[in-house]
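K.L.:
here is a sequence together with a model predicted from it:
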Amino acid sequence: MRGGAALARIPPVTETRFEELKRSVRFESVDAERLGGFRATAAPHFTRIARELSERLREHEEAHAVFSAEEQTERLQRSMVRWMDRLLSGTYDEAYFEEMRIIGRVLVRVGLPQRYVFTAMAVLRAALEDIADDASADAARPIRRALSRMIDLDLAIMMESYREALYDTVTDGSPNLVVGLDRQGDIRLLNQVAQSVTGYAREEVFGSSFVETFVPHDARPKDAPILDRILEGGEQRIVEQSGLKTRSGKVRDVAWTFSRLANGGPEDVVVFAVGADVTDTLHASRQLQQNEKLAALGTLAAGLAHEIRNPLNGAQLHVSFLQRALKAKLPEPDLVDAANVVAAEIKRLAQLVSEFLDFARPSALAKKRISIQALLKRALEVTAAESASAGVTITLDLPPQELFLFGDLAKLQQVMLNLVQNAVEAITPAPGGNVILRARRHPRYVRIEVEDDGPGLPTPDAPVFDAFFSTKPAGTGLGLAITHRIVTDHGGTIDVESRPGRTSFSFTIPIGTDSTSIAPESR
Amino acid sequence: MDAPLKPRPLVLVVDDDARSASLLARLLHADGYDTEVTRDGAAALARLARQPSPHAVVTDFHLLHADGLAVGRYARFRRPDVALFIVTGYPHALTEALEPLEAPIEVLTKPLDYADLLTRLATAVAAQVAR
């Protein structure tokens, strides 16, 4: 027996919270047997004890407030009887632990102040000890000891519930995400903001791994080691921005602060992750940066327009003069050619300046109701000659029902023209090929896709929408930048997906209404 | 001797770029116009204050002392049917400055397409003569 007791003090490798608690108050199997044996003696008194207990609670204002109605009092008494029944059942396994936790949570939920849990336990303890004493003076001592240990265990479990509830109450008031992790990195706490951002309810993720639940796959190599460092206690505090995978599979940007608390038991919160959802802020600040960039670019473009067009003006006049003089004097054809080349180059430069200005200082949108079917058919017609000579087949994939949206027709035609020409040119080195123009209605926007089966972008991550990025020898690198600008000025988005054999540029334009089609302020 | 059948229309060219201005004048002269050249806004206004009033004014927008729009408006005050061409590297600013109900002022973007100017000039001057 002594050896057994000594053994019990050595913590087993894996010990549940309840086992650990039992070990700490020295609740042993013999205690369980004694309580089980005592049940028959005590059972006839359960109803009386329950009544006593509710009377005691009624003496206290705050406890009384919780159980004021007759119906509530009766329910409380019935619960007390069941509780005593369970307390003396003789079986104290993990299910018991869970039942006590649930009772604790119910008490928290009905709003019984924590101190009255001690009141209840004191009433219970005194009443049961009296019964034990009255029944048999000899056996009373070990039964009293077992009772005392068991009641302490129940108290410990219920205090946990109160502490968890306190964490929830405190963290629910936070405007930030608060996630509590145990020493395995499993989720033990999820405040309201964290629930609403992630889309998970507390119960769904309790006990699941933080990394597996919330960290997107591609971020795990970076984030998992950080979490390990803090879980192992190597660092007390780490600030880290990371992606957060939500229940619906979306990824939010969250600025986390991981803080390590003192060590705790297996299911205790040892790390608090407090996060701010910065997705919208990041998006807004990126947008702001982009707008500032564009504004600066606009100013630059206006200045540049002068600085380039003025000398071009002089050059062009002089070339006109030269061309005329040469024509009059019938010189060598080479001379005429040379003058013509200069004239053509001046035109090209002038065109570049105009395109750049279009991009950097676009005119305000003139929105009206546009048929998407007509827009795509027109794009097909305009590029028909070019695609025919390249041997490229263009097909339309349109919904049967006509789609309308409010947009700037001329500008959207420019978008279509740019994308279709790009697609045809992307295929052209090889003979033949296909381009599909596709339109689909979504609840609030229309998605238009231009897909080709050419070799794809040389580098899929290339910044194709940046000004002056071009993979074509003759390109100005402004076509897609202008396209991007027109789409975003409409409040839409544009994306590209590319692999050999399938490249797709797709953009969305909000359907809008007449009243919302307010042109951006003129620039 | 070629006796002039009718007087050649007079074009005032205003540009601070002296070489371009005189070259434009030379081209216009070859195409049947009499020309005068001034280099800044003040000189242009001074010239417009005198007779004979030019049939047309081709002016740069950015000028010293008075801009092309001021020159154009004064020319129109002196001669309501004057043909006005303002040449600019950055037409956005100018189109925004124009009054919506103002009689047409043609805004041409640099680099100036000479053949295009010639066509427009001929049309405008023909309209004046017809009146």
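P.N.:
All right, it came through fine. Keep in mind that what you see is a predicted model, and the values were worked out from it rather than measured.
K.L.:
wait, residue B:41 sits on residue B:60?
P.N.:
No: the pair formed by residue B:41 and residue B:60 falls short of the contact definition of Cβ atoms under 8 Å, at 9.3 Å. All C-beta spots, glycine's among them, are computed from the backbone N, C-alpha and C.
K.L.:
and the two? Which one has more around it.
P.N.:
The residue with more neighbours, out of residue B:41 and residue B:60 and counting by other Cβ atoms under 10 Å in any protein chain shown, is residue B:60; that gives 27 against 23.
K.L.:
so what's the closest residue to the more buried one other than its chain neighbours up against?
P.N.:
Nearest residue to residue B:60, sequence neighbours excluded (Cβ to Cβ, 6 or more residues apart in numbering or on different chains): residue B:15, at 4.5 Å. Shown here is residue B:15, whose contacts under the criterion Cβ atoms under 8 Å, 6 or more residues apart in numbering or on different chains are B:21, B:24, B:37, B:39, B:59, B:60, B:63, B:87.
K.L.:
10 Å instead, please
P.N.:
When the contact criterion is Cβ atoms under 10 Å, 6 or more residues apart in numbering or on different chains, the partners of residue B:15 are A:310, A:313-314, A:317, B:21-25, B:37-40, B:44, B:58-60, B:62-63, B:68, B:87, B:112.
K.L.:
local confidence estimate at it?
P.N.:
pLDDT, residue B:15: 93.
K.L.:
swap in the one 5 residues further on?
P.N.:
Each residue has a pLDDT score; the one for residue B:20 is 90.
K.L.:
hmm, residue B:60 and it touching each other?
P.N.:
Yes: proximity of residue B:20 to residue B:60 meets the contact threshold set by Cβ atoms under 10 Å, at 8.8 Å.
K.L.:
common neighbours of these two, please.
P.N.:
Shared between the contact lists of residue B:20 and residue B:60 (criterion: Cβ under 10 Å, 6+ apart) are residues A:310, A:313, B:13, B:87, B:110, B:112.
K.L.:
select from the residues you listed the one having the most neighbours.
P.N.:
Among the shared contacts of residue B:20 and residue B:60, where neighbours are counted by other Cβ under 10 Å, the top count belongs to residue B:87, at 28 neighbours.
K.L.:
where does chain B have low pLDDT?
P.N.:
Using pLDDT under 70 as the threshold, the predicted model of chain B has low-confidence ranges B:1-6, B:100-103, B:129-131.
K.L.:
would you mind listing what in it touches chain A?
P.N.:
B:15-17, B:19-21, B:23-24, B:26-27, B:30-31, B:60-62, B:87-93, B:95-96, B:108-115, B:117-118 (Cβ under 10 Å from any Cβ of the partner chain).
K.L.:
residues touching residue A:318, list them.
P.N.:
With contact set as Cβ under 10 Å, 6+ apart, residue A:318 has these partners: A:339, A:342, A:346, B:19, B:20, B:23.
K.L.:
what residues does chain A have near chain B?
P.N.:
The interface of chain A toward chain B, taken as Cβ under 10 Å from any Cβ, is made up of A:298, A:301-321, A:323-325, A:328, A:343, A:346-347, A:349-350, A:353-354, A:357, A:361, A:363, A:522-523.
K.L.:
write the PyMOL selection for whichever of those are buried.
P.N.:
Applying 16 or more other Cβ atoms under 10 Å in any protein chain shown to those leaves a buried subset, and the PyMOL line that selects it is:
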select buried, chain A and resi 298+301+302+304+305+306+308+309+310+311+312+313+314+315+316+317+318+319+320+321+323+343+346+349+350+353+357+361+363
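K.L.:
so which of the residues of chain A next to chain B are in strands?
P.N.:
Among the residues of chain A next to chain B, no member falls in strands (criterion: DSSP state E).
K.L.:
ok so, going back, mind checking which of the contacts of residue A:318 are in helices?
P.N.:
A:339, A:342, A:346, B:19, B:20, B:23 (DSSP state H).
K.L.:
quick check, pLDDT for the closest residue to residue A:31 other than its chain neighbours.
P.N.:
Spatial nearest neighbour of residue A:31, excluding adjacent residues (Cβ to Cβ, 6+ apart): residue A:146 at 3.8 Å. The score at residue A:146 is 92. That number is its pLDDT.
K.L.:
what count of nearby residues applies to residue A:146?
P.N.:
The number of residues packed around residue A:146, counting by other Cβ under 10 Å, is 23.
K.L.:
got phi/psi on it?
P.N.:
Residue A:146 adopts backbone torsions of phi -60, psi -40, taken as degrees, to the nearest 10.
K.L.:
any idea how far it is from chain B?
P.N.:
In this structure, residue A:146 and chain B are 92 Å apart, going by Cβ to the nearest Cβ, to the nearest Å.
K.L.:
and if you look at residue A:208?
P.N.:
With distances taken as Cβ to the nearest Cβ, residue A:208 is found 58 Å from chain B.
K.L.:
what of residue A:142?
P.N.:
98 Å.
K.L.:
so who does the residue lying closest to residue B:30 once chain neighbours are set aside touch?
P.N.:
Counting by Cβ to Cβ, 6+ apart, the nearest residue to residue B:30 once its immediate chain neighbours are dropped is residue A:324, at 7.6 Å. Residue A:324 makes contact with A:339, B:27, B:30, B:31, B:114 under the criterion Cβ under 10 Å, 6+ apart.
K.L.:
correct me if wrong: the last one contacts residue A:322.
P.N.:
No: when contacts are counted by Cβ under 10 Å, residue B:114 is not listed as touching residue A:322 (11.7 Å).
K.L.:
so those two - more neighbours on which side?
P.N.:
Per other Cβ under 10 Å, whichever of residue B:114 and residue A:322 has more neighbours is residue B:114, with 20 against 17.
K.L.:
before we move on, the earlier item: could you work out the most separated pair of the contacts of residue A:324?
P.N.:
A:339 and B:31 (18.6 Å; Cβ to Cβ).
K.L.:
neighbour count: those two, which is higher?
P.N.:
Counted by other Cβ under 10 Å, residue A:339 and residue B:31 do not tie: residue A:339 has more neighbours, with 21 against 14.
K.L.:
that one contacts residue A:322, doesn't it?
P.N.:
Yes: between residue A:339 and residue A:322 there is a contact at 4.9 Å, judged by Cβ under 10 Å.
K.L.:
got the shared contacts of residue B:20 and residue B:60 as TSV, with distance to residue A:270 columns?
P.N.:
Listed next are these as TSV, based on distance: Cβ to Cβ, whole Å:
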residue	distance to residue A:270
A:310	70
A:313	74
B:13	84
B:87	75
B:110	71
B:112	77
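K.L.:
three-state assignment of residue A:432?
P.N.:
Following DSSP: H, G, I helix; E, B strand; the rest coil, residue A:432 is assigned to coil.
K.L.:
which ones are touching it?
P.N.:
Taking Cβ under 10 Å, 6+ apart as the criterion, residue A:432 is in contact with A:390, A:391, A:392, A:393, A:453.
K.L.:
for those, which single residue is the most surrounded?
P.N.:
The member of the contacts of residue A:432 that has the most neighbours, counting by other Cβ under 10 Å, is residue A:392 with 24 neighbours.
K.L.:
wait, that residue touches residue A:429, no?
P.N.:
No: with contacts defined as Cβ under 10 Å, residue A:392 does not count as touching residue A:429, sitting 11.5 Å away.
K.L.:
common neighbours of the two, please.
P.N.:
Applying Cβ under 10 Å, 6+ apart, one finds that residue A:392 and residue A:429 are jointly contacted by residue A:454.
K.L.:
longest helix of the chain?
P.N.:
Chain wasn't specified; assuming chain A. Selection of the longest helix in chain A by residue count, based on DSSP H, yields helix A:279-329.
K.L.:
wait, chain B
P.N.:
Assignment by DSSP H; longest helix in chain B turns out to be helix B:114-130.
K.L.:
buried residues in that helix, which are they?
P.N.:
Those would be B:114, B:117, B:118, B:120, B:121, B:124, B:125, for helix B:114-130 by 16+ other Cβ under 10 Å.
K.L.:
for stretch A:167-175, same thing?
P.N.:
Buried positions in stretch A:167-175, judged by neighbour count with 16+ other Cβ under 10 Å: A:167, A:168, A:171.
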